[in-house]
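Q: Structure of the sequence below:
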Amino acid sequence: MAKTIHSMIRVLNEARSVAFYETAFGLKVADRLDFDGFTLIYMSNDESSFELELTVNKDRTEPYNLGDGYGHLAVSVEDVEAEHARLTDAGLAPRNLVDFKNNGVTVAKFFFIADPDGYQIEVLQRGGRFL
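A: Okay, the predicted model is just below:
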């Protein structure tokens, strides 16, 4: 059976992106591989072995076009309301909290936040299927 190990996104500015993921989600640089034309930065934390791979193409000067296909990363937290307040206080501008219901039953409580390159991250209250 396959095991998910990382997801990769292309970022324009290494320092800005690393700082965002450290502040927002407590991710730290686990490894950094520097090549002639690009750098790979693997970020993780103690909550999971899954890593986020940031790819920085050294000759890139323009932001990436993320297109119109909607995709996102998702993380779960113990207290989504406290996390929303913390990220707001950090000036990271999370979007509004959502109490997502199906037939009147809460499925998830979450908010989205965008990283410096415009990638969307869903922050979910831990519980149910979102452990």
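Q: Report the contact partners of residue 42.
A: Taking CB atoms under 8 Å, 6 or more residues apart in numbering, we find residue 42 in contact with 6, 29, 30, 31, 32, 51, 52, 53, 54. Every C-beta, even on glycine, is put in place using the N, C-alpha and C of the backbone.
Q: Nearest to residue 17 among those residues?
A: Within the contacts of residue 42, distances to residue 17 taken as CB to CB reach their minimum at residue 54, with 5.5 Å.
Q: So which bits of the longest helix anywhere in the chain are buried?
A: Ranked by number of residues, the top helix in the chain under DSSP state H is helix 14-25. Neighbour-count burial for helix 14-25, counted by 16 or more other CB atoms under 10 Å, picks out 14, 17, 18, 20, 21, 24, 25.
Q: ditto for stretch 37-47
A: Residues of stretch 37-47 classed as buried by neighbour count (16+ other CB under 10 Å): 39, 41, 42, 43, 44, 45.
Q: partners of the helix or strand containing the fifth one in the sheet?
A: Read it as residue 44. Assigning secondary structure by DSSP states H and E places residue 44 in strand 38-45. Taking DSSP bridges as the criterion, strand 38-45 forms sheet pairs with strand 28-34 (antiparallel), strand 48-57 (antiparallel).
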